[in-house]
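Undergrad: Structure here, sequence nowhere to be found:
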Ligand SMILES: Nc1nc2c(ncn2[C@@H]2O[C@H](COP(=O)(O)OP(=O)(O)OP(=O)(O)O)[C@@H](O)[C@H]2O)c(=O)[nH]1
């Protein structure tokens with residue numbers, strides 16, 4: 001009944017998911033290559049322990065990739081990779097790496113962190129890493145800490161890292177803002193492309209797509225559906241007599257009335273000027289005729305007024321079930337023929353008039 005606006009959001013989500021997926025694969029491959037390369041360099045430089053530690057991180061990164069390939073759990077893969085990278089950087093700060101250049105690798109962390117997590121998590125993890133770095137720098141005598149850094153280095157390290165972190169935060173925040181604005185814009189466009197401005201119902205194009213997908217569902221599963229093609233009677237005379245604004249008001253009021261009568265799963269659209277189409281999934285011809293008759297009688301009973309004038313509003317409708325048609329075009333054509341015969345028969349009526357339907361009406365009378 002309502003026009004959905006989530007497609008742009010879903011598409012943006014899927015694109016980002018694919019982008020993150022590619023990035024994670026490349027990052028993992030790059031991390032493995034660097035670790036193998038730098039580990040080998042350390043080995044040939046005689047720093048065997050350092051080399052073994054770096055190679056063991058290769059196993060951790062590879063295990064994380066293999067875990068994801070098996071489980072498909074993206075958030076755990078991100079968590080796993082960031083934990084491994086965080087641990088590696090802690091090790092590099094504590095050990096100094098080669099020639100006390102280990103902390104330089106830390107600069108890779110902030111952009112990675114903000115891209116792979118949200119701003120809050122990224123900031124929290126970064127602050128935690130800062131805390132560890134402060135402990136390492138301030139207490140070089142603690143176990144596992146073998147590196148010592150000059151005061152100048154420590155000050156410059158923190159100053160430049162803080163600068164980089166703030167810059168990454170701001171860039172990521174503006175990227176997210178721009179992305180959300182784009183998604184919102186796309187959603188508004190999508191909504192406008194599917195919606196009739198005057199009534200807020202689905203427009204003709206949206207209804208055509210829905211009819212085609214309902215027809216495919218019918219071909220796959222055999223679920224019948226029906227349509228009701230509605231035309232407001234002598235609408236031109238309402239416009240001529242009471243003005244175009246009154247006509248617009250009638251279209252809006254009738255649309256609202258229609259929405260209160262159809263089910264959540266039914267879809268009402270403005271098919272043309274004063275023509276409406278209702279798609280009724282899982283509905284037989286008889287059920288559709290019953291609904292159309294209810295809509296007709298409710299419309300005839302409802303008081304339509306505009307600026308103190310009472311407006312005479314009735315509808316005629318042509319109903320058709322997919323059981324009687326071989327395609328969507330054929331279905332629409334038959335509904336149109338039925339609508340025409342309802343008009344010909346005097347308006348304010350529904351066609352076809354099946355026998356059981358007429359009998360029901362006679363019973364009610
Ligand atoms: N106010 C208003 N009028 C519209 C709109 N779209 C179409 N119309 C008018 O709807 C009228 C349709 O008139 P006709 O096609 O002659 O049909 P009718 O007067 O309803 O007569 P029958 O269909 O034979 O009962 C025309 O006067 C159109 O200008 C709209 O968005 N607003």
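TA: Cool, the structure landed. Just so it is clear, the structure is predicted and the values come from calculations on it, not from any experiment.
Undergrad: Within range of the ligand, give me the residues from the stretch 251-365 of the chain.
TA: Applying Cβ under 6 Å from any ligand atom, one finds that the stretch 251-365 of the chain approaches the ligand through 251, 273-274, 343, 347. For every residue, glycine as well, the C-beta is placed using N, CA and C.
Undergrad: got a winner among those residues for most neighbours?
TA: residue 251 (22 neighbours; other Cβ atoms under 10 Å).
Undergrad: so what does whatever helix or strand that residue lives in touch, helix or strand wise?
TA: If you go by DSSP states H and E, residue 251 is part of helix 244-261. Where contact means 3 or more Cβ pairs under 8 Å, 6 or more residues apart in numbering; DSSP states H and E, helix 244-261 is packed against strand 225-232, helix 235-242, strand 267-270, strand 275-281, helix 285-301, strand 304-306, strand 309-311.
Undergrad: okay, the angle between it and strand 275-281?
TA: 10 degrees (axes from the mean of the first three to the mean of the last three Cα atoms, to 10 degrees).
Undergrad: tell me which parts of the stretch 51-200 of the chain are close to the ligand?
TA: So the stretch 51-200 of the chain meets the ligand at residue 198 (Cβ under 6 Å from any ligand atom).
Undergrad: now the helices for the stretch 51-200 of the chain?
TA: 74-95, 109-116, 119-138, 151-194 (DSSP state H, counting those that start in this stretch).
Undergrad: helices or strands next to the shortest one in the packing?
TA: On a contact count with 3+ Cβ pairs under 8 Å, 6+ apart, helix 109-116 meets helix 7-44, helix 74-95, helix 119-138, helix 151-194.
Undergrad: Which stretch among the ones you listed is buried most, on average?
TA: helix 74-95 (a mean of 18; mean count of other Cβ atoms under 10 Å).
Undergrad: Serialize the helices and strands packed on helix 109-116 to a markdown table and add fields for mean pLDDT.
TA: Compiled in a markdown table, the helices and strands packed on helix 109-116 are given as follows (pLDDT from 0 to 100):
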| stretch | mean pLDDT |
| --- | --- |
| helix 7-44 | 84 |
| helix 74-95 | 87 |
| helix 119-138 | 88 |
| helix 151-194 | 93 |
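Undergrad: Now the helix holding residue 251: buried residues?
TA: 246-247, 249-251, 253-255, 257-258 (16 or more other Cβ atoms under 10 Å).
Undergrad: so what's the closest residue to the ligand within the stretch 101-250 of the chain scoring on pLDDT?
TA: For the stretch 101-250 of the chain, the residue closest to the ligand is residue 247, as judged by Cβ to the nearest ligand atom, at 2.5 Å. Predicted confidence (pLDDT) for residue 247: 97.
Undergrad: burial count for the residue nearest to it when sequence neighbours are not counted?
TA: Using Cβ to Cβ, 6 or more residues apart in numbering and skipping residues adjacent in sequence, the residue nearest residue 247 is residue 239, 4.2 Å away. Look at residue 239: counted by other Cβ under 10 Å, it has 17 neighbours.
Undergrad: Residue 306 now?
TA: 17.
Undergrad: now residue 63
TA: 12.
Undergrad: Next one: it relative to the ligand, how far apart?
TA: 64 Å (Cβ to the nearest ligand atom, to the nearest Å).
Undergrad: just to revisit the earlier point, arrange the residues of the stretch 251-365 of the chain next to the ligand in TSV, one row each, with distance to residue 308 and pLDDT as further columns.
TA: TSV is the format used below for those (distance: Cβ to Cβ, whole Å; pLDDT from 0 to 100):
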residue	distance to residue 308	pLDDT
251	19	98
273	26	95
274	23	97
343	30	97
347	26	95
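Undergrad: Which two of those residues have the greatest separation?
TA: 251 and 343 (18.3 Å; Cβ to Cβ).
Undergrad: Now residue 345: closest residue in space that isn't a chain neighbour?
TA: Using Cβ to Cβ, 6+ apart, the closest residue to residue 345 is residue 351 (6.9 Å).
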